[in-house]
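Colleague: Sharing a model prediction with you, sequence too.
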Amino acid sequence: MVSRDLHAHPHPHSHGPAAPHPAQAAPWSILRMPVAARLAAAMAASAGLWVIVWLAMR
């Protein structure tokens, strides 16, 4: 059995037990990218996946 002392927090929580943790700033988000950059990233990811499929079927 795990002791409760092993998971003690150094600070009290500032939200209720049913509330989620407050949002944290994201260092990078795909939603903040311009549409052209998102489209280019999606096409690059798709091309990479197709290369894997092509190599697997060789």
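Modeller: That came through fine.
Colleague: now do the same end-to-end measure for stretch 22-34.
Modeller: 27 Å (Cα to Cα, to the nearest Å).
Colleague: Check the offset of that stretch from the chain's centre.
Modeller: Its chain's average C-alpha position is 10 Å from that of stretch 22-34, according to Cα atoms, centre = their mean, to the nearest Å.
Colleague: Please apply the same query to stretch 34-45.
Modeller: Distance, centroid of stretch 34-45 to centroid of chain: 18 Å (Cα atoms, centre = their mean).
Colleague: And the helices in this structure, which stretches?
Modeller: Ranges of helices in the chain, per DSSP state H, are 35-57.
Colleague: how about low-confidence regions in it?
Modeller: Across the chain, residues meeting the criterion (pLDDT under 70) sit at 1-16.
Colleague: burial count for the residue lying closest to residue 30 once chain neighbours are set aside?
Modeller: Distance criterion Cβ to Cβ, 6 or more residues apart in numbering; nearest residue to residue 30, sequence neighbours excluded, is residue 38 at 6.3 Å. For every residue, glycine as well, the C-beta is placed using N, CA and C. By the criterion of other Cβ atoms under 10 Å, residue 38 has 13 neighbours.
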